[in-house]
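S.K.: okay, sequence plus prediction incoming.
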Amino acid sequence: MYRQGNNTVELTVSNFFYENPSSKMLMPMDVFLGNLGPLRHRVYQPTSVGGLTNGGGGTPQFAGNVYTIVIVEMPPVKDVMKALEEDALPPPSEAPPDDGQSTGAPNIAGRSLPLLFIRASDGVGYHSGRTITCESIFPAMGMPPPNVPNLDAAWLAQAAADGANNLNYTLRVL
């Protein structure tokens, strides 16, 4: 779940810890958004709600909770948009010649960045199953609808202009 107020993503994750081969200690994974990261995050272990299970050899063992709550501090929206734009650009060898009419701004619509978990000890990564995209808060900025009383057209025009500065975009978890 994305929390826009503090620009964080709240995740419930299983198997978020791994055993570091050199120290033998349990370590949390690093979190990346595409090539952005490692991102700062906080980890919370929920209270165990497991019960007794039949362990190996018929002895009962406690089955603790394997889920972890991870709160990830997301990069600023402008950085996410830049990463999406860079991902959308073709390699230089495949780029079409400049026709002089291109705006130079790649279209990021429909693009997203994967949310990845990386083991710092060896760089092995795992896809979280989620991606992050940018969405416009005002998806169809244009002329105000007719017959809307008390509509501040100046505010609407300013919001459209702010779109060029990435001020009217938010993140969305897919």
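M.R.: Done, it's in.
S.K.: helix, strand, or coil at residue 87?
M.R.: Residue 87 falls in the helix class when you classify it by DSSP: H, G, I helix; E, B strand; the rest coil.
S.K.: same thing with residue 43?
M.R.: strand.
S.K.: name the spans of this protein whose pLDDT lies under the cut-off.
M.R.: Along the chain, the parts satisfying pLDDT under 70 run over 47-65, 89-106, 138-167.
S.K.: let me see the ranges of the helices in it.
M.R.: Counting by DSSP state H, the chain has helices at residues 77-88, 153-163.
S.K.: can you tell me which helices and strands the first one packs against?
M.R.: Counting contacts by 3 or more CB pairs under 8 Å, 6 or more residues apart in numbering; DSSP states H and E, helix 77-88 is packed against strand 36-39, strand 113-118, strand 125-136, strand 169-173. The way it works is simple: take the backbone N, C-alpha and C, and place the C-beta from them, glycine included.
S.K.: quick one, that helix and strand 125-136 angle?
M.R.: Orientation check (axes from the mean of the first three to the mean of the last three CA atoms, to 10 degrees): helix 77-88 against strand 125-136 gives 110 degrees.
S.K.: quick one, what contacts residue 32?
M.R.: By CB atoms under 8 Å, 6 or more residues apart in numbering, the contact set of residue 32 is 38, 39, 115, 116, 117, 118, 125.
S.K.: from residue 109, how far out is the fifth one?
M.R.: Distance, residue 117 to residue 109, by CB to CB, to the nearest Å: 27 Å.
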